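> sequence unknown, structure follows:
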């Protein structure tokens, strides 16, 4: 078996032409599911890379940011551990093309889709979510409707879906999810809390206040919660936010479009 080395991982990788049937693998580069694509994997770790992520250029001249070349980073360069993509305006936590001079960032797939719009994004047509186990969700180019108040709400995080953006949807249950919300990490860490935070697929608490934005977390949504038993948790979209100072009595800002009910 051929062996490969990638700058983002300390161990040797091997390639698998087809993902194992039934395996739920997530690319550690772009954070999207590995489906019907060659996968580079580490036999020592639970580490996988899509072919596109493995072969991505270390530097890139991109038409959306022509003044400076973009550098490929294996993880965001910000203290929050996440970045906001300047193409799709969605949060990312994996590989990113970055101009550190301008704080300009692109998801790896957004960068290559712009360069070659006819190329597939490698997004699977269907995904299965633990937060909605009864039916698979199908990929749609944009929401087929908006709710009565003019919004389409992601049932995972509780924030608005872009009316012109891709999403996953269960038509049987009217259950919608951002593309990025289908690949949430099982556990995360924050600099302001000593313990690991685990993803809860359904908020089990009747009344729970997010420790970052101080907004209520609906029982219908996913959330991150301290795995060591602390009464500490947050919206999934608040994980990458830096908690604001409360020295002046401010309670911090709520994520735009957050559904607290």
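It's in. None of the values given here were measured: they were computed from a predicted structure. Numbers count the residues shown, from 1 in each chain.

> so where is the protein shaky, pLDDT-wise?
Within the chain, the set of residues satisfying pLDDT under 70 comprises 1-2, 17-24, 35-37, 114-122, 145-151, 164, 240-261.

> assumed residue 163 was part of a strand.
No - read with DSSP: H, G, I helix; E, B strand; the rest coil, residue 163 is coil and lies in no strand.

> from here on, count from 81
In the new numbering, first residue 81, that becomes residue 243.

> that one and residue 85, how far apart?
43 Å (Cβ to Cβ, to the nearest Å). Where C-beta positions appear, they are placed from N, C-alpha and C, glycine not excepted.

> the more surrounded of those two?
Set side by side, residue 243 and residue 85 give different neighbour counts by other Cβ atoms under 10 Å, the larger being at residue 243 (13 against 9).

> right, and the more buried one touches residue 224 too?
No - between residue 243 and residue 224 there is no contact, the gap being 10.6 Å when judged by Cβ atoms under 8 Å.

> can you tell me the centre-most residue of this structure?
By Cα atoms, centre = their mean, the mean C-alpha position of the chain lies nearest to residue 260, the distance being 3.8 Å.

> who touches the residue lying closest to that residue once chain neighbours are set aside in this structure?
In space, residue 260 comes closest to residue 170 once its chain neighbours are excluded; the distance is 5.3 Å by Cβ to Cβ, 6 or more residues apart in numbering. Contacts of residue 170 were listed using Cβ atoms under 8 Å, 6 or more residues apart in numbering, and they are 164, 187, 258, 259, 260.

> pull the residues that contact whichever strand or helix holds residue 151.
Taking DSSP states H and E as the definition, one finds residue 151 inside strand 145-153. Applying Cβ under 8 Å, 6+ apart, the set of residues contacting strand 145-153 from outside is 136-142, 166, 175-182, 184, 186, 188, 191.

> go again using 10 Å as the cut-off
With Cβ atoms under 10 Å, 6 or more residues apart in numbering as the contact definition, strand 145-153 has outside contacts at 87-88, 109, 133, 136-142, 144, 157, 163, 166-167, 174-182, 184-186, 188, 191.

> show me where the stretch 81-230 of the chain has helices.
Per DSSP state H, counting those that start in this stretch, the stretch 81-230 of the chain has helices spanning 131-134, 188-195. These are given in chain order.

> now these in CSV, with mean neighbour count?
Converted to CSV, the helices of the stretch 81-230 of the chain look like this (neighbours: other Cβ atoms under 10 Å):
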stretch, mean neighbour count
helix 131-134, 21
helix 188-195, 20
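
> so how far is residue 176 from the closest residue to residue 142 other than its chain neighbours?
Counting by Cβ to Cβ, 6+ apart, residue 150 is the residue found nearest to residue 142 once chain neighbours are left out, at 5.5 Å. For residue 150, the distance to residue 176 equals 9 Å [Cβ to Cβ].

> so which of those two has more stuff around it?
Neighbour comparison, residue 150 and residue 176: the larger count goes to residue 176, with 28 against 23 (by other Cβ under 10 Å).

> what bridges to that one?
Following DSSP bridges, residue 176 is listed with bridge partners residue 153, residue 187.

> so who does it touch?
By Cβ under 10 Å, 6+ apart, residue 176 lies in contact with 109-110, 150-158, 162-165, 184-188, 190-191.
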